[in-house]
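A.B. asks: Just to be clear, the model below is a prediction. Sequence and coordinates:
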Amino acid sequence: MALLAPQAGGRYIDGTLGAGGHAAGILERSAPDGEVLAFDRDPSAIAFARQQLGELAERVIFVQASFAEMGDLAAAHGFTAVDGILLDLGFSSRQLDDPARGFSFLHDGPLDMRLDPAQPTSAANLVNNLAEAELARLFWQYGEEKQSRRLARAIVVQRPVTTTGQLAAIVSAELSGHGRTRRERGRSGHAPGGRAPGGRIHPATRIFQALRIAVNDELAALTAVLPVAVDLLKIGGRLAVISFHSLEDRPVKQFFRQQSLSCVCPPVQPVCNCGGRARLKLIQRKAVQPTAAEIAQNPRSRSARLRVAERLL
């Protein structure tokens, strides 16, 4: 909230409403007449957040849609030249802790992982219908899983796989005989909820991350929304993005850095003639990370990275 800096009468977009915590913070700090346009793909999240916000919800326009559609929908609701935009990427604790949603290997449930339950493709569809090579590519591309081919082969042999517990057991059994080094295990805990009981990194963490990203087309949505979000900001407006693993953080970092450069000429060119001007100013040179105290209070924050930039042009 300090970096987003909500002000009274401001207009803001929360691209990832979730349980409404960030929206509440924005509304409280922009009282009495600040407004929020809130997006979420999950209708149950919108219903829950509306209830949690109470009277604050009177200053919110709720939209069930992906933030990838922000450009057209913001214009339709009159939210252009806004004061701030927030994207809290990934999925929420409520979704993670609901076995019926199938996001976590910590609770056995249907292999689903859809942020919008109405969308046609679930994780089970991918696991049971993709060719072995495609499944391996998905695990490598979206999970950075070094044993992607071995795991894809093991899964294909044991199809159909219909529950989170079944998938986690296949991955655990396959990797137990091919133990990872301690360093590799330490790098695998990117996603919230990625630890097994006892604090160890669960071997299925990368596989679940990869499937969730693929099911919801998360990286394509992120890449699409960043330039749109900048266009929607007024001069001086701020864009804040919270990511939870390197595949999310990397494109945000690269986009912010690129948009903050005033010259895009090749480094070997002695004189600038591109006429470029920076569109963004980085509010923090490095990503803001949770403190040890915050991680102790909220372990799921451990991999969070917050980046904030302000529109200049």
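C.D. replies: Perfect, I can see it now.
A.B. asks: tell me the contacts of the residue nearest to Pro290 when sequence neighbours are not counted?
C.D. replies: Nearest residue to Pro290, sequence neighbours excluded (C-beta to C-beta, 6 or more residues apart in numbering): Ser301, at 4.3 Å. No exception for glycine: its C-beta is placed from N, CA and C like everyone else's. Contacts for Ser301 (C-beta atoms under 8 Å, 6 or more residues apart in numbering) come out as 290, 294-295.
A.B. asks: Any idea how many residues pack against Arg50?
C.D. replies: Using other C-beta atoms under 10 Å, Arg50 has 17 other residues around it.
A.B. asks: Please identify which helix or strand holds it.
C.D. replies: helix 43-53 (DSSP states H and E).
A.B. asks: quick one: the helices in this structure?
C.D. replies: Assigned by DSSP state H, the chain shows helices spanning 21-29, 43-53, 70-76, 93-96, 123-129, 132-143, 148-157, 164-176, 182-187, 205-216, 218-232, 246-259, 292-297.
A.B. asks: Which of the ones you listed has the lowest mean pLDDT?
C.D. replies: Between the helices of the chain, the one with the least mean pLDDT is helix 182-187; it has a mean of 37.
A.B. asks: Read off the pLDDT value for the most centrally placed residue in the chain.
C.D. replies: Centrality entry for the chain: nearest residue to the mean C-alpha point is Leu89, 2.1 Å, by C-alpha atoms, centre = their mean. On pLDDT, Leu89 comes in at 97.
A.B. asks: before we move on, the earlier item: distance of the residue nearest to Pro290 from Glu55?
C.D. replies: Counting by C-beta to C-beta, to the nearest Å, the gap between Ser301 and Glu55 amounts to 28 Å.
A.B. asks: Then Ile295?
C.D. replies: Ile295 sits at a distance of 33 Å from Glu55 (criterion: C-beta to C-beta).
A.B. asks: Neighbour count: these two, which is higher?
C.D. replies: Neighbours of Ile295 and Glu55, each counted by other C-beta under 10 Å, are more numerous for Ile295; the result is 15 against 7.
A.B. asks: List the contacts of that one.
C.D. replies: Contacts of Ile295 (C-beta under 8 Å, 6+ apart): 301-302.
A.B. asks: For the closest residue to Leu56 other than its chain neighbours, give me its contacts.
C.D. replies: Nearest residue to Leu56, sequence neighbours excluded (C-beta to C-beta, 6+ apart): Leu27, at 4.4 Å. Going by C-beta under 8 Å, 6+ apart, Leu27 touches 34, 36, 53, 56, 59-60.
A.B. asks: Looking at this structure, which strand is longest?
C.D. replies: strand 233-243 (DSSP state E).
A.B. asks: relative to helix 21-29, how tilted is that strand?
C.D. replies: Calculated by axes from the mean of the first three to the mean of the last three C-alpha atoms, to 10 degrees, strand 233-243 forms an angle of 140 degrees with helix 21-29.
A.B. asks: Flag every buried residue along strand 233-243.
C.D. replies: Neighbour counts over strand 233-243 (16 or more other C-beta atoms under 10 Å) mark 233, 237-243 as buried.
A.B. asks: Dump these to a markdown table, plus pLDDT and distance to Gly78.
C.D. replies: A markdown table is the format used below for those (pLDDT from 0 to 100; distance: C-beta to C-beta, whole Å):
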| residue | pLDDT | distance to Gly78 |
| --- | --- | --- |
| Leu233 | 98 | 15 |
| Gly237 | 98 | 15 |
| Arg238 | 98 | 20 |
| Leu239 | 98 | 19 |
| Ala240 | 98 | 22 |
| Val241 | 98 | 24 |
| Ile242 | 98 | 26 |
| Ser243 | 98 | 29 |
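A.B. asks: which of those residues lies closest to Glu218?
C.D. replies: Checking the buried residues of strand 233-243 against Glu218 with C-beta to C-beta, the nearest one is Ser243 at 10.5 Å.
A.B. asks: Leaving out the residues flanking it, which one is nearest to that closest one?
C.D. replies: That would be Asp249: by C-beta to C-beta, 6+ apart, it lies 4.1 Å from Ser243.
A.B. asks: In contact with the one you found, which residues?
C.D. replies: Contacts of Asp249 (C-beta under 8 Å, 6+ apart): 243, 287, 305, 307.
A.B. asks: any idea how far Ser172 is from Gly158?
C.D. replies: Small correction: residue 158 is Gln, not Gly. Gln158 is 13 Å from Ser172, where distance means C-beta to C-beta.
A.B. asks: My error: substitute Ala123 in the last question.
C.D. replies: Going from Ala123 to Ser172 by C-beta to C-beta gives 17 Å.
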